[in-house]
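**Q** make a model of this:
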Amino acid sequence: MRRLATHGRARKGQLAYGYQVRSMLAIATRLTEQPVTCADLIQDEVLLGRVLVHDIAPTLQTQVSRWTLAQRRSAIRSFAALTRPELLTLLG
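**A** As a prediction, the model looks like this:
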């Protein structure tokens, strides 16, 4: 979140980004039935793909819109861009 602020992202955008990342981690945890971190999610391309297309909201258990799925993709792209140095070290 600090990196988003440092890069000049609006507060509303920061909140949406944070929500989507938490949502993806909740979905991944439900799918794997074990706690999942951001690093775990990025390292498992199959799980990441499943999370990005999973269309059931983690909170209300209702179907989400395509717009919400697009927000997830945007959030994961931003995450990857903002944490690029760490990801290069993690993924090699």
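**Q** how far is stretch 62-78 from where the chain is centred?
**A** Counting by Cα atoms, centre = their mean, to the nearest Å, stretch 62-78 is centred 9 Å from the centre of its parent chain.
**Q** swap that for stretch 27-42, please
**A** Going by Cα atoms, centre = their mean, where stretch 27-42 is centred and where its chain is centred differ by 10 Å.
**Q** so for that stretch, what's the average pLDDT?
**A** The pLDDT scores in stretch 27-42 average 94.
**Q** ditto for stretch 75-82
**A** 84.
**Q** name the residues of that stretch that are buried.
**A** 75, 76, 78, 79, 82 (16 or more other Cβ atoms under 10 Å). For every residue, glycine as well, the C-beta is placed using N, CA and C.
**Q** now these as JSON lines including distance to residue 34 and secondary structure?
**A** Below are the buried residues of stretch 75-82 laid out as JSON lines (distance: Cβ to Cβ, whole Å; DSSP: H, G, I helix; E, B strand; the rest coil):
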{"residue": "75", "distance to residue 34": "22", "secondary structure": "helix"}
{"residue": "76", "distance to residue 34": "20", "secondary structure": "helix"}
{"residue": "78", "distance to residue 34": "26", "secondary structure": "helix"}
{"residue": "79", "distance to residue 34": "21", "secondary structure": "helix"}
{"residue": "82", "distance to residue 34": "26", "secondary structure": "helix"}
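**Q** would you mark the buried spots in stretch 63-78?
**A** In stretch 63-78, counting by 16+ other Cβ under 10 Å, buried: 64, 71, 72, 75, 76, 78.
**Q** what is the nearest of these to residue 20?
**A** Distance to residue 20, by Cβ to Cβ, is smallest for residue 75 among these, at 3.6 Å.
**Q** dump the residue contacts of the closest one.
**A** 16, 17, 20, 21, 24 (Cβ atoms under 8 Å, 6 or more residues apart in numbering).
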